[in-house]
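Chemist: I'd like to go over a predicted model; first the sequence, then the structure.
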Amino acid sequence: MLIEIMSFITIIFIALCLISIAVSYFWAKRQNAIYPKTMENVQDYTFFFQSIVDSDGKTSGVEALLRKFDTKTGKWIFPDDIDKFTLREVIFLLHKSFIKTKHPSSFLAINISLKQFADPRYEYFIRWVKGECYPMELRIEFNMQGYSEVNWLKKIRIKKNLKLSRELNVAVILEKIQPSKAYYKKVKWLLNDIHGVKVPLSNFHKKTDNEWLEMNMGDWSRLIRKKNKKIDITEVENEDDLLLADKLEIDNRQGYLIDRPHSE
């Protein structure tokens, strides 16, 4: 009798496990989870790569930049539909690009949207990329453009994924920094938990001599250094930009003067 009862319980347990696996499988597919699938028009998208250098001018990393083929001009351009991509689709395109190239740099930087960063499947994404780009370290970059504020639920997810990133030794960079106090107030809640910031120099170039920047490059540099965080710059296009980077002891530099995005 006891054996029959134990056998019955075992059968029920196995059945529940199979049901759970099936439900998880179909839920993952429906929710655009990280599940292999060929994207529609995937041949129109790829990743280009751009080198990043340190203060000594040595290559310290490389950034993967998403590009879309424009059939009208016959050129690869920055896609205007980047927010529609799921982490699954980013993985597919990265895998497609990694087949062609392996960079021996110290880190690989990948830009994702705030929506992607708050995705519950973020952990699986960074674990996959870490394995794929090894022995390079991984950096994740995101920005706050298009968000006047972030709701409490998304903040919880972002905080959770920032903590997870630190545990997995993944550096998270807040990019597209702006020179206004309103922007600083918007991102202040993030600054203690990120690895650093990336400043686009075009946002800090005065258009006229009378233009006033509420928070200039020096202000951001002092603010970030006080928090023991890193500060990088992008859009370096001339020698004056490099001189400013040296003056402010910027950690990493990126831009057309250093390297142009290229596919391999």
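Modeler: Good, I have the coordinates.

Chemist: in the one helix or strand Lys155 maps to, what counts as buried?
Modeler: When elements are defined using DSSP states H and E, Lys155 is found to belong to helix 152-167. Taking 16 or more other CB atoms under 10 Å as the neighbour-count basis, helix 152-167 is seen to contain the buried residues Ile158, Asn161, Leu162, Ser165. Quick note: C-beta positions are derived from backbone N, CA and C, even for glycine.

Chemist: which one of those is nearest Lys207?
Modeler: Distance ranking of the buried residues of helix 152-167 against Lys207, using CB to CB, places Ile158 first at 32.9 Å.

Chemist: Lys176 contacts Gly146, correct?
Modeler: No. Under the contact definition of CB atoms under 8 Å, Lys176 does not touch Gly146, with a separation of 10.4 Å.

Chemist: Which one's more surrounded, these two?
Modeler: Neighbour tally, Lys176 and Gly146, criterion other CB atoms under 10 Å: the higher count belongs to Lys176, 17 against 9.

Chemist: State the distance from the nearest residue to the more buried one once chain neighbours are set aside to Ala109.
Modeler: Once its chain neighbours are removed from consideration, Lys176 has its nearest residue in Asn143; the separation is 4.0 Å (CB to CB, 6 or more residues apart in numbering). Note on Asn143: its distance to Ala109, by CB to CB, to the nearest Å, is 13 Å.

Chemist: between those two, which one's more packed in?
Modeler: Legend: neighbour count by other CB under 10 Å for Asn143 and Ala109, higher for Ala109 (26 against 20).

Chemist: Can I get stretch 110-121 in CSV, CA atoms only?
Modeler: As requested, the backbone C-alpha atoms of stretch 110-121 are provided in CSV (Å, rounded to 0.1, in the frame of the first residue of the first chain):
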residue,chain,number,x,y,z
ILE,A,110,26.8,47.3,-25.4
ASN,A,111,24.1,50.0,-25.5
ILE,A,112,20.5,48.9,-24.5
SER,A,113,17.4,50.9,-23.8
LEU,A,114,16.0,51.7,-20.3
LYS,A,115,13.1,49.3,-21.1
GLN,A,116,15.6,46.5,-21.9
PHE,A,117,17.6,47.3,-18.8
ALA,A,118,14.5,46.9,-16.6
ASP,A,119,13.5,43.6,-18.4
PRO,A,120,13.2,40.7,-15.9
ARG,A,121,15.2,38.6,-18.4
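
Chemist: contacts for stretch 151-162?
Modeler: By CB atoms under 8 Å, 6 or more residues apart in numbering, the list of residues contacting stretch 151-162 from outside reads 114, 117-120, 122-123, 150, 172, 189-190, 193-194.
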